[in-house]
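>>> this one's structure only:
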């Protein structure tokens, strides 16, 4: 595996560490600063909204300037967002804090493309393993992110201000690592020729399955994950329990990444996506029967595994939907659709958990988690009708 893929994995670890910190503290900051409890997860939503806004520009910028310069630009945007968030906490300005998380989200939107950069840096036969290795950087983040959230929370006089100082250090470290990475030139990765119309690409069954699996896997996971700190706080659980639950969740999200590529190659993308959806459903079922600390731990572990087995195979499947010259537009369309859904779920998490409670919220996720399974079944039936089996 090329060294550049290993370094991209470290950048991914730093990115996810920062995301974990934000997941743990942003809803709690929102609950303190927001005018009403319904706005408590709004800073999380604006973070995902920033990510959504970055999806199309990030892909197009990297198609012109290259992956490396795009990643540097993303980390710089993250640092500007960190500075804005620190200023908002010092002055207790809720809407300025939302602006800060929006800018941070833009930086994260650039970083979400680390997995595609790994595909380009690795030999074709190692595509799924490269994706898994980069996403596996989240394993380090599963330990480092919650530790950083706990230790940095009260190091400054203003609550949570130290958390954003730590986040700034993560982005600065990523800039140092990026300076050492060598990635293929744009001319090599994006190819030449005449691209197909975008509509033709988006109508392909392979693209539709990849997008639906990605947006359901990420959307369901993000809705439940964002609601978790609030649900646990509503039950009077200590912040350390919240951080530990998120830690186990993120570990479940990323630890399987080292073998997900092997499993996908052996059992096929469709089977992996179905298994991922069943794990998401299992998370929702656990939430119906156990709402103590152990119940949150179990549900969030299942949720992380479900995300891994839907989102990673979907990422590999997406690479089969485009030619090199079509890469930027196709990836931009996929990222926009997936993270628009994620932004919406983050915005809804606060009001839904406030109005419905943890158990009923998860019950609503069961039919959503079944959608990729239904789509795969429908496509299989359509193929059988087009190519009926002739016996005798």
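Thanks, I have the structure now. Given the structure is predicted, the values throughout are model-derived calculations rather than measurements. Numbering: from 1, shown residues only.

>>> what's the offset of whichever strand or helix holds residue 380 from the middle of its chain?
Following DSSP states H and E, one finds residue 380 within helix 371-386. Between the centre of helix 371-386 and the centre of its host chain there is 27 Å, according to CA atoms, centre = their mean, to the nearest Å.

>>> Which neighbouring elements make contact with it?
If contacts are counted by 3 or more CB pairs under 8 Å, 6 or more residues apart in numbering; DSSP states H and E, helix 371-386 sits against helix 205-234, helix 269-289. For the C-beta atoms, the positions are set from N, CA and C on the backbone; glycine is no exception.

>>> between the first one and helix 371-386, how many degrees?
Looking back up the chat, that one is helix 205-234. Interaxial angle, helix 205-234 versus helix 371-386 (axes from the mean of the first three to the mean of the last three CA atoms, to 10 degrees): 160 degrees.

>>> Summarise which helices and strands helix 205-234 is packed against.
Short answer (3+ CB pairs under 8 Å, 6+ apart): helix 205-234 packs on helix 3-33, helix 239-254, helix 269-289, helix 293-318, helix 327-356, helix 358-369, helix 371-386.

>>> Likewise for the last one?
Helices and strands touching helix 269-289, by 3+ CB pairs under 8 Å, 6+ apart, are helix 205-234, helix 257-267, helix 293-318, helix 358-369, helix 371-386.

>>> 7 Å instead?
Secondary structure elements in contact with helix 269-289, counted by 3 or more CB pairs under 7 Å, 6 or more residues apart in numbering; DSSP states H and E, are helix 205-234, helix 293-318, helix 358-369, helix 371-386.

>>> Switch those helices over to a markdown table; also include mean pLDDT and mean neighbour count.
Output for these, formatted as a markdown table (pLDDT from 0 to 100; neighbours: other CB atoms under 10 Å):
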| stretch | mean pLDDT | mean neighbour count |
| --- | --- | --- |
| helix 205-234 | 89 | 24 |
| helix 293-318 | 90 | 24 |
| helix 358-369 | 92 | 18 |
| helix 371-386 | 84 | 13 |
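
>>> Minimum distance to residue 137: which of those helices has it?
Nearest to residue 137, of all the helices and strands packed on helix 269-289, is helix 293-318, at 12.9 Å by CB to CB.

>>> Who are the packing partners of that closest one?
The contact analysis (3+ CB pairs under 7 Å, 6+ apart) places helix 293-318 against helix 127-135, helix 205-234, helix 239-254, helix 257-267, helix 269-289.

>>> Could you export those as TSV, including distance to residue 38?
As requested, those are arranged in TSV below (distance: least, CB to CB, whole Å):
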stretch	distance to residue 38
helix 127-135	33
helix 205-234	11
helix 239-254	20
helix 257-267	35
helix 269-289	21
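
>>> Just tell me which of those helices ends up closest to residue 170.
Short answer: helix 239-254, nearest of the helices and strands packed on helix 293-318 by CB to CB, at 14.7 Å.

>>> got JSON lines for the helices and strands packed on helix 269-289, with distance to residue 276 too?
Formatted as JSON lines, the helices and strands packed on helix 269-289 follow (distance: least, CB to CB, whole Å):
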{"stretch": "helix 205-234", "distance to residue 276": "6"}
{"stretch": "helix 293-318", "distance to residue 276": "3"}
{"stretch": "helix 358-369", "distance to residue 276": "9"}
{"stretch": "helix 371-386", "distance to residue 276": "8"}
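
>>> Relative to residue 119, which of these is closest?
In this view, the helices and strands packed on helix 269-289 are compared for proximity to residue 119 by CB to CB, and helix 293-318 is the closest at 8.3 Å.

>>> So what angle separates the directions of the closest one and helix 257-267?
Taking the same axes, to 10 degrees, helix 293-318 and helix 257-267 form an angle of 60 degrees between their directions.

>>> Now find how far off-centre helix 293-318 is within its chain.
For helix 293-318, the separation from the chain centroid amounts to 11 Å (computed by CA atoms, centre = their mean).

>>> so it versus helix 358-369, what angle?
Using the same axes, to 10 degrees, helix 293-318 lies at 20 degrees relative to helix 358-369.

>>> Rebuild the helices and strands packed on helix 371-386 as CSV, extending it with distance to residue 255.
As requested, these are exported to CSV (distance: least, CB to CB, whole Å):
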stretch, distance to residue 255
helix 205-234, 15
helix 269-289, 14
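
>>> Quickly note the distance from the nearest residue to residue 375 once chain neighbours are set aside to residue 31.
Ranked by CB to CB, 6 or more residues apart in numbering and with sequence neighbours excluded, the top spatial neighbour of residue 375 is residue 212, at 5.4 Å. According to CB to CB, to the nearest Å, residue 212 and residue 31 sit 33 Å apart.

>>> for this protein, which residue is closest to the average position?
Residue closest to the average C-alpha location in the chain (CA atoms, centre = their mean): residue 218, at 6.2 Å.

>>> my read: that one touches residue 344, true?
No: applying CB atoms under 7 Å as the test, residue 218 and residue 344 come out as separate, 11.3 Å apart.

>>> Which one of the helices and strands packed on helix 293-318 lies nearest to residue 52?
helix 205-234 (11.4 Å).

>>> how about stretch 325-336: buried residues?
When neighbours are counted by 16 or more other CB atoms under 10 Å, the buried residues of stretch 325-336 are found to be 326-336.

>>> So which of the residues you listed is the closest to residue 291?
The nearest one, if we look at those relative to residue 291 and count by CB to CB, is residue 335, at 34.4 Å.
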